[in-house]
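Engineer: sequence and computational prediction follow.
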Amino acid sequence: MSAASSSAAPSHLRPIEGEDVPALMREIGRRARASARVLALAPAETKRTALLAAAEAIRRAVPAILAANAEDVAAASASGMGASMLDRLTLTEARIAATAAGVAEIAEIPDPVGTVTERWSRPNGLELERVRTPLGVVGVIYESRPNVTADAGSLCLKAGNAVILRGGSDSFHSSRAIHAAMVEGLVSAGLPADAIQLVPTRDRAAVGEMLAGLGGSIDVIVPRGGRSLVERVQNEARVPVFAHLEGLVHIYVDHTAELAKALDIVRNAKLRRTSVCGAAETLLVERSAAASHMKPLVTMLLDAGCEVRGDAEVQAADARVQPATDADWVTEYLDAIISVRLVDGLDMAIHHIETHGSHHTDAILTEDAAAAARFMAEVDSAIVVHNASTQFADGGEFGFGGEIGIATGRMHARGPVGAEQLTSFKYRVHGTGQTRP
C-alpha cells in the first residue's frame, strides 16, 4: 500500500481547517484507544517489521519530504523566523537519512513490553513478578522539528503505545510527509494506520482538546518546544506530563582540567548544534584558572563566531566580550551565544547551577576524581557529565535508539525518554489456591 492510499483512506488523516475541532479530536482519540488495544498485544517481531518498513518508506519519500519541507521553510523565512529555529525546521537529505536510520535503530532495540523486571516469593507460597506494559495512548505536542514525527511515533510504537502527534504550524507540511511514510510502514506490517496519528489541523484548539485528555483517551502528554508551550501544557493538562521547561546547560571548568580537552569539549558543547537542548549555555570557570583556562576558552569561542557575555572579570580577558545581565544566567539561547562567569570553586559552581539551572544537563571538566564525584552526586540534574560534551544528552547517544524528549521532573521518567520509559508495569501474582486469613 502506498503512503498516499494508506493516509488518504481515513478522513481524519487529511488536512482540514475550520471544521469541528472538538469532534475531530474525539474521533482521533477513539481511534487511538482502539489501536492501543491492538498494539498492546502485537508481537515484538511485528512491531520490528513495521518500523523497518517505515524507515524504508521514509528513504523512498525523500523527494516528497524535501518538497514539503521547502514549503515550510519558505513560509517560516518570510515570517521572519530566526536562524536557530530555521535550522531546527530545515531538512536535508542527510537529516532525512539520519531520521530513517533512527527509526531502523529503534526497530532493533529490545522490546520492553512483557519484560519481567523483578520476581520474588512470599512465605505463603505466592509467586509475584513485575512486568512492563504499555502506557496506552501518548499525546505528543511539538514545535518546528519535523523529525520528531518519526522519532516519537517510532518510540511509542516500539513500547506498544498508540500516539497522537500534534506538530507545529511551522512544520505542518514536513510532518505530514514524514507521517505518510510512517503509516505506509505500519500498514504493510499489518498494524493499524491509526496507531500513529497526526492531527490534521493547525487550529490551536486541537492542543486544548489534547490537554483535556480527549475524554479519557490520552494517558500522558509529552511537550517538545519552547518555554511558552511547555508551561501551557504543564498548567492546563488534565493528564500526566513528561516535560522539561528548557535546557539551561552549564559546564564548570576547574583548575585541574586539561586545557586541550576543555577547549575541544566546550567548543563541541556550545557550537556543534546551538539549537539542541543539550547545547551549553553557561560556562563557569574556577577563578584560580582565569589566566590558564578562562582566557583561552573565551578567545576560542569568540574566534569561532560565538558571542560571549560575561561579568567584569571575563570582559577584562577580551574586549569583544559583551556585558552580562542577570537575565543571561537564566537564558537558554539556542544560538551562538554563551554566558561566562568566574566562580571561587566547586561550592560556588554547584550553587550557581542549583540557583539558575533547569535540572536538564550539567557538566564538570576536571582531572580531580573527588571533585567529579562531588559534582555528580550533588548537582540535581537529570543528566550529569564528567569530561565529555553536554551534546551527548540524547536518547540515541544513550543507546535508547532515540528519545521522545528529556524529562527533568522526578516522577516516572527522568532524562531521555526512550521506549523503556514509555512503559508502565503491572504485577502478576501466581498462586496454588492460597486464601487470605
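Structural biologist: Received, thanks. As the structure is a prediction and not an experimental result, all values here were calculated from the model. Numbering: from 1, shown residues only.
Engineer: okay, now the domains of this protein?
Structural biologist: 3-242+417-428, 249-397 (automatic domain parsing).
Engineer: how about those, which one is nearest Ala407?
Structural biologist: domain 3-242+417-428 (4.5 Å; Cβ to Cβ). (Glycine included, C-beta is placed from N, CA and C.)
Engineer: chain center to that closest one, what's the gap?
Structural biologist: Remark: domain 3-242+417-428 is offset 12 Å from the chain centroid, using Cα atoms, centre = their mean, to the nearest Å.
Engineer: state the mean pLDDT of that domain.
Structural biologist: Averaging pLDDT along domain 3-242+417-428 gives 90.
Engineer: before we move on, what about stretch 394-411?
Structural biologist: Mean pLDDT, stretch 394-411: 79.
Engineer: quick one, strands of the stretch 1-150 of the chain?
Structural biologist: Using DSSP state E, counting those that start in this stretch, the strands found in the stretch 1-150 of the chain span residues 116-121, 127-134, 137-142.
Engineer: tell me the angle the longest one makes with strand 116-121.
Structural biologist: Taking axes from the mean of the first three to the mean of the last three Cα atoms, to 10 degrees, one finds that strand 127-134 is oriented at 160 degrees with respect to strand 116-121.
Engineer: other residues contacting strand 127-134?
Structural biologist: 36, 39-40, 112-122, 159-161, 420, 422-431 (Cβ atoms under 8 Å, 6 or more residues apart in numbering).
Engineer: would you list the buried entries among those?
Structural biologist: Taking 16 or more other Cβ atoms under 10 Å as the criterion, what is buried in those is Ala36, Leu39, Ala40, Pro112, Val113, Ala159, Gly160, Asn161, Glu420, Leu422, Thr423.
Engineer: thought the last one was touching Val138?
Structural biologist: Read it as Thr423. No - using Cβ atoms under 8 Å, Thr423 makes no contact with Val138, being 10.9 Å away.
Engineer: which residues does the lengthiest helix in the chain contact?
Structural biologist: The longest helix of the chain (DSSP state H) is helix 21-40. Identification of contacts with helix 21-40 by Cβ under 8 Å, 6+ apart yields 10, 12, 16, 47, 113, 133-134, 136-137, 157, 160-164, 191-192, 194-195, 197, 199-201, 203, 205-206, 209-210, 214-215, 217-218.
Engineer: now do 7 Å
Structural biologist: Helix 21-40 is contacted from outside by 12, 16, 134, 136-137, 157, 160-162, 164, 192, 194-195, 197, 199, 201, 203, 205-206, 209-210, 214-215, 217-218, using Cβ atoms under 7 Å, 6 or more residues apart in numbering.
Engineer: go through it and flag the buried ones.
Structural biologist: 21, 24-25, 27-29, 31-33, 35-36, 39-40.
Engineer: relative to Ala107, which of those is nearest.
Structural biologist: Within these, the smallest distance to Ala107 is 14.6 Å, found for Leu39 (Cβ to Cβ).
Engineer: how about the closest one, nearest residue that isn't a chain neighbour?
Structural biologist: If the residues on either side of it in the chain are set aside, Leu39 comes closest to Gly160, at 4.8 Å by Cβ to Cβ, 6 or more residues apart in numbering.
Engineer: surely that neighbour and Pro112 touch.
Structural biologist: No - Gly160 lies out of contact with Pro112 (Cβ atoms under 7 Å); the separation is 8.2 Å.
Engineer: ok, back up a step: in what helix or strand does the residue nearest to Leu39 lie?
Structural biologist: Under the criterion DSSP states H and E, no helix or strand holds Gly160.
Engineer: quick one: secondary structure of Pro400?
Structural biologist: Pro isn't right for residue 400; it's Phe. Three-state call for Phe400 (DSSP: H, G, I helix; E, B strand; the rest coil): coil.
Engineer: who are the packing partners of the helix or strand that Asp347 is a member of?
Structural biologist: Using DSSP H and E, Asp347 sits within helix 346-356. Here helix 346-356 touches helix 369-378, going by 3 or more Cβ pairs under 7 Å, 6 or more residues apart in numbering; DSSP states H and E.
Engineer: from Glu397, how far off is Val266?
Structural biologist: Per Cβ to Cβ, to the nearest Å, Val266 is found 18 Å from Glu397.
Engineer: so those two - more neighbours on which side?
Structural biologist: Val266 (30 against 13; other Cβ atoms under 10 Å).
Engineer: surely that one forms part of a strand?
Structural biologist: No - assignment of Val266 by three-state DSSP gives helix, placing it outside any strand.
Engineer: look at the nearest residue to Val385 once chain neighbours are set aside and give its secondary structure.
Structural biologist: Using Cβ to Cβ, 6+ apart and skipping residues adjacent in sequence, the residue nearest Val385 is Ala363, 3.8 Å away. When classified by three-state DSSP, Ala363 comes out as strand.
Engineer: contacting residues for Ala363?
Structural biologist: Contacts of Ala363 were listed using Cβ under 7 Å, 6+ apart, and they are Ile251, Val385, Thr390.
Engineer: for Asp362, see how far away Ala304 is.
Structural biologist: 22 Å.
Engineer: on that earlier part again, need the contacts of Ala363 in CSV (columns: pLDDT).
Structural biologist: Formatted as CSV, those follow (pLDDT from 0 to 100):
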residue, pLDDT
Ile251, 98
Val385, 97
Thr390, 97
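Engineer: ok, so of these, who is nearest Ala319?
Structural biologist: The closest of the contacts of Ala363 to Ala319 turns out to be Ile251 (Cβ to Cβ; 23.4 Å).
Engineer: tell me which element that closest one is part of?
Structural biologist: Ile251 belongs to strand 249-253, assigned by DSSP H and E.
Engineer: which other residues reach the host helix or strand of Ile221?
Structural biologist: Using DSSP H and E, Ile221 maps to strand 220-224. With contact meaning Cβ under 7 Å, 6+ apart, strand 220-224 is reached by 135, 138-143, 148, 210-211, 229-230, 233, 237, 239-243, 404-405, 417.
Engineer: ok and it relative to strand 137-142, angle-wise?
Structural biologist: With the same axes, to 10 degrees defining the directions, strand 220-224 sits at 20 degrees from strand 137-142.
Engineer: buried sites along strand 220-224?
Structural biologist: Val220, Ile221, Val222, Pro223, Arg224.
Engineer: give me the buried positions along stretch 85-92.
Structural biologist: Applying 16+ other Cβ under 10 Å to stretch 85-92 flags Met85, Leu86, Asp87, Arg88, Leu89, Thr90, Leu91 as buried.
Engineer: tell me the contacts of the fifth one?
Structural biologist: With Cβ under 7 Å, 6+ apart as the criterion, the residues that contact Leu89 are Asp72, Val73, Ala76, Ser144, Asp170, Ser171.
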